[in-house]
Structure formats: structure tokens, C-alpha cells
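Engineer: Requesting a structural model of the entry that follows:
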Amino acid sequence: MQRLATTVRLNRSVLQFDEAAQARLERYLAESASLLEGDPDPQEILSDLEQAVADQCSRRLRAGQTVVTLAELEPALEEIGSVQAPGPSVAAESPARSQARTLEQVSETAVVSGVCSGLGRYFGFNVTALRVFTVLLLLLSGGGVLLVYLALMLLMPYAPLPSGHPPLRWLPAKSRAFMEFLRTKFHLATG
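Structural biologist: Numbering: from 1, shown residues only. Here you go, the predicted structure:
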């Protein structure tokens, strides 16, 4: 008896991989985990990496195909690339790392506009904790933080949307469109 496919859970996605693709995926994730040993939050990066692999493989599956093979996995891994080991030399060379230090609103993970997501990414804070802290400040300040949040919405530039990203949720999309309209109307240059 030969096992034809194995069901694999990658972050929030579940896919079936043939034996060769599963072995290659396990090697890739093990190599990535070993490169992230010095990182302060390797589990979050690995979860994002798993989701990226799942998204790339799902996008490459043909209609009616249910099992990921090496033919779909290899180009997906090639497009994602390898994880860069943390360190000062990598931060200077990697455009992704330098881009992560740009103070921008991040619409893809936004609840309202992406201010907390952008601040969390820029300062390295946990975004959920930052959102809870913002709500607590909102309640304790009698709404004064709302003015600061609105000013940040207007003044912080938006991070570019990655190509192939699913559409934004309703509120972040409307907030982004409205803020870009206000910036144009009042000739505010951001970015």
C-alpha cells in the first residue's frame, strides 16, 4: 500500500500534499525555523510563512486538482524565497526589513484604518495589545485619543497593497478611500 496524499495544516489553511511535496515542505519549514532561532518572535513569522505557502500553492492548483505536488510547491517556494537570518548585516541588505521600519498604515490587517497595525509593525509591538491599549486610552481619556487617532489616520501614509492580495474588508477600504480623498482635497502630501 502506498500513501498518495497527506493532509497538512498550514496556519489557517488545510491542504493535501503528495509525499515528495510534503518532504520538501518539511525541509523548507525546518530550514526557516533554524534561521529564525535568534528572532524575538519566530512563531509569528513561521505562521505567516506557512500561510504564504498555503496561499501560493492554492493559487497554483488547477481546477479539480486537490493534491499539491512538487510542480506547484517549488514555484511557490521560489516566489516566497528563503527566510533571512536576523542580524545587522541582513537588515542593511534586505529591502523587506528596511520597509518594515517605515511608519505607514497597514490596511491588509486593519480593523479601522491600519494605524495600530502600522504602529505595531514600526515599533515591534503586538498589534492586538496595542489595540486593547488604544481602546483603554479612549475610555480613560473621555475620547481625547480619538482626535490623535484621526490625526494619525490623516497624516500617516498607507503602505502599498501587495499584488494579488484579497480585497480589503469594508471599513479599512472605506477609511483608506476617504483619507486619500481628504489628502487630495487639502493638498496634504504624505509619503
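Engineer: C-alpha from now on. contacts and neighbour counts both.
Structural biologist: Will do.
Engineer: what residues does the helix or strand hosting residue 26 touch?
Structural biologist: For residue 26, the host element (DSSP states H and E) is helix 19-35. Residues outside helix 19-35 that contact it (Cα atoms under 8 Å, 6 or more residues apart in numbering) are 3-6, 42, 46, 68-70, 73, 82-86.
Engineer: relative to helix 19-35, how tilted is the helix or strand just after that helix?
Structural biologist: Downstream of helix 19-35, the next assigned helix or strand under DSSP H and E is helix 42-60. Angle, helix 42-60 to helix 19-35, by axes from the mean of the first three to the mean of the last three Cα atoms, to 10 degrees: 150 degrees.
Engineer: quick one on the thing from earlier: identify each buried residue in the helix holding residue 26, please.
Structural biologist: 19, 21, 22, 24, 25, 29, 32, 33, 35 (16 or more other Cα atoms under 10 Å).
Engineer: got the residues you listed as CSV, with distance to residue 121 and pLDDT columns?
Structural biologist: Shown next, in CSV, are the buried residues of helix 19-35 (distance: Cα to Cα, whole Å; pLDDT from 0 to 100):
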residue, distance to residue 121, pLDDT
19, 37, 89
21, 33, 87
22, 32, 89
24, 31, 90
25, 28, 90
29, 23, 90
32, 21, 87
33, 21, 87
35, 21, 86
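Engineer: quick one: which of the residues you listed is nearest to residue 129?
Structural biologist: Of all the buried residues of helix 19-35, the one with the least separation from residue 129 (Cα to Cα) is residue 33, at 25.1 Å.
Engineer: now that closest one: how far from residue 124?
Structural biologist: According to Cα to Cα, to the nearest Å, residue 33 and residue 124 sit 20 Å apart.
Engineer: and what of residue 159?
Structural biologist: On the measure of Cα to Cα, residue 159 and residue 124 end up 16 Å apart.
Engineer: what does residue 164 give?
Structural biologist: From residue 164 to residue 124 the distance is 26 Å (Cα to Cα).
Engineer: which of these two has more neighbours?
Structural biologist: residue 124 (13 against 7; other Cα atoms under 10 Å).
Engineer: State the pLDDT value of that one.
Structural biologist: pLDDT, residue 124: 86.
Engineer: so where do the helices sit in the protein?
Structural biologist: Secondary structure of the chain (DSSP state H): helices located at 19-35, 42-60, 70-80, 88-93, 95-100, 115-123, 127-140, 144-155, 170-185.
Engineer: Now distance to residue 109 too, for these, in a markdown table please.
Structural biologist: As requested, these are exported to a markdown table (distance: least, Cα to Cα, whole Å):
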| stretch | distance to residue 109 |
| --- | --- |
| helix 19-35 | 23 |
| helix 42-60 | 12 |
| helix 70-80 | 19 |
| helix 88-93 | 23 |
| helix 95-100 | 14 |
| helix 115-123 | 7 |
| helix 127-140 | 9 |
| helix 144-155 | 15 |
| helix 170-185 | 9 |
